[in-house]
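Participant: sequence first, then the predicted structure:
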Amino acid sequence: MTDENHIGETIERLRDLYKDVALLLRTSEGLVAIEGGGWEPARGNTAVAYSSNSLNSPRKWLTGRAFRFFKNVDFPNILLFVCVILDEQNGKEPKQPVVSAGFCDYGEGQDIEGPPLDWWYAWWHLWMPERKDDGSVNSVRPKEEWPEEHKSDIQSVTTLAVPLMEVKSEGDLKEMVIGPILKEIKNKQGETK
């Protein structure tokens, strides 16, 4: 065991990290509402999922991802998300913690309120083919990329991510994450009209 003072300090630093992540997600909520015109939280107030309280899964006691989902009546087929990815998920490890944003497009005429939602959609960025964590936009058609595994109604997924340590202010979050993903949604909707 580690020195008891270090344990207490480590736990306190972890609590501070989670507090900062929560602030980032709350700031994201405000930015998507203002910048995107009408985006609001979807699927309740959930911010973490797939953690464990089992003695058999101690590595899952702490979450490595925190997220928010958003909906907008003007884009009923789009499920927008923002996610802070702190560590690996099933071997899909970012080189460093990242802030990711993206959206699932269920296709024209579909509504996100109907289909079931898997929480892991929020960190879909980790599964993007040839993904980059530098703000580059990644897009995939799940039914084409993973025809055997992907059975949902999602037509396409678009994500981007930047290193968490580069997001030092609300302005950075807006410029590097929220603004670019909202622009992609508008571009996508323009393609279908």
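Facilitator: Structure's in. What do you need?

Participant: Glu130 - nearest residue in space that isn't next to it in sequence?
Facilitator: Asn138 (7.6 Å; CB to CB, 6 or more residues apart in numbering). Quick note: C-beta positions are derived from backbone N, CA and C, even for glycine.

Participant: how close does Gly30 get to Ser169?
Facilitator: Note on Gly30: its distance to Ser169, by CB to CB, to the nearest Å, is 13 Å.

Participant: sorry, back to before: which residues touch the residue nearest to Glu130?
Facilitator: His125, Met128, Pro129, Glu130, Arg131, Lys132, Thr158, Thr159, Leu160 (CB atoms under 8 Å, 6 or more residues apart in numbering).

Participant: ok so, going back, which one of Gly30 and Ser169 is surrounded by more residues?
Facilitator: Gly30 (13 against 9; other CB atoms under 10 Å).

Participant: give me the helices and strands touching the host helix or strand of that one, please.
Facilitator: Assigned by DSSP states H and E, Gly30 belongs to helix 4-36. The contact analysis (3 or more CB pairs under 8 Å, 6 or more residues apart in numbering; DSSP states H and E) places helix 4-36 against strand 65-71, strand 78-85, helix 170-173, helix 179-192.

Participant: and that helix, what's buried?
Facilitator: By neighbour count on 16 or more other CB atoms under 10 Å, the buried set for helix 4-36 is Tyr18, Val21, Leu24, Leu25, Thr27, Ser28, Leu31, Val32, Gly36.

Participant: could you dump the residues you listed into CSV and include pLDDT?
Facilitator: CSV is the format used below for the buried residues of helix 4-36 (pLDDT from 0 to 100):
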residue, pLDDT
Tyr18, 93
Val21, 95
Leu24, 97
Leu25, 96
Thr27, 97
Ser28, 96
Leu31, 96
Val32, 95
Gly36, 82
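
Participant: between the residues you listed, which is nearest Glu184?
Facilitator: Gly36 (11.3 Å; CB to CB).

Participant: and the pLDDT for the nearest residue to the closest one once chain neighbours are set aside?
Facilitator: Counting by CB to CB, 6+ apart, Gly36 lies nearest to Leu182, which is 4.6 Å off, once chain neighbours are set aside. For Leu182, the pLDDT comes out at 96.

Participant: list the contacts of Leu182.
Facilitator: Val32, Glu35, Gly36.

Participant: mind doing that once more with 10 Å?
Facilitator: Leu31, Val32, Glu35, Gly36, Gly37, Trp39, Asn72, Leu80, Ala101, Phe103, Lys174 (CB atoms under 10 Å, 6 or more residues apart in numbering).

Participant: now the helix or strand of the chain with the lowest mean pLDDT and helix 4-36, what's the angle there?
Facilitator: Lowest on mean pLDDT, DSSP states H and E among the helices and strands of the chain sits helix 179-192, with a mean of 85. Computed by axes from the mean of the first three to the mean of the last three CA atoms, to 10 degrees, the angle separating helix 179-192 from helix 4-36 equals 40 degrees.

Participant: list the buried residues of helix 179-192.
Facilitator: Pro180, Ile181, Leu182, Glu184, Ile185, Lys188.
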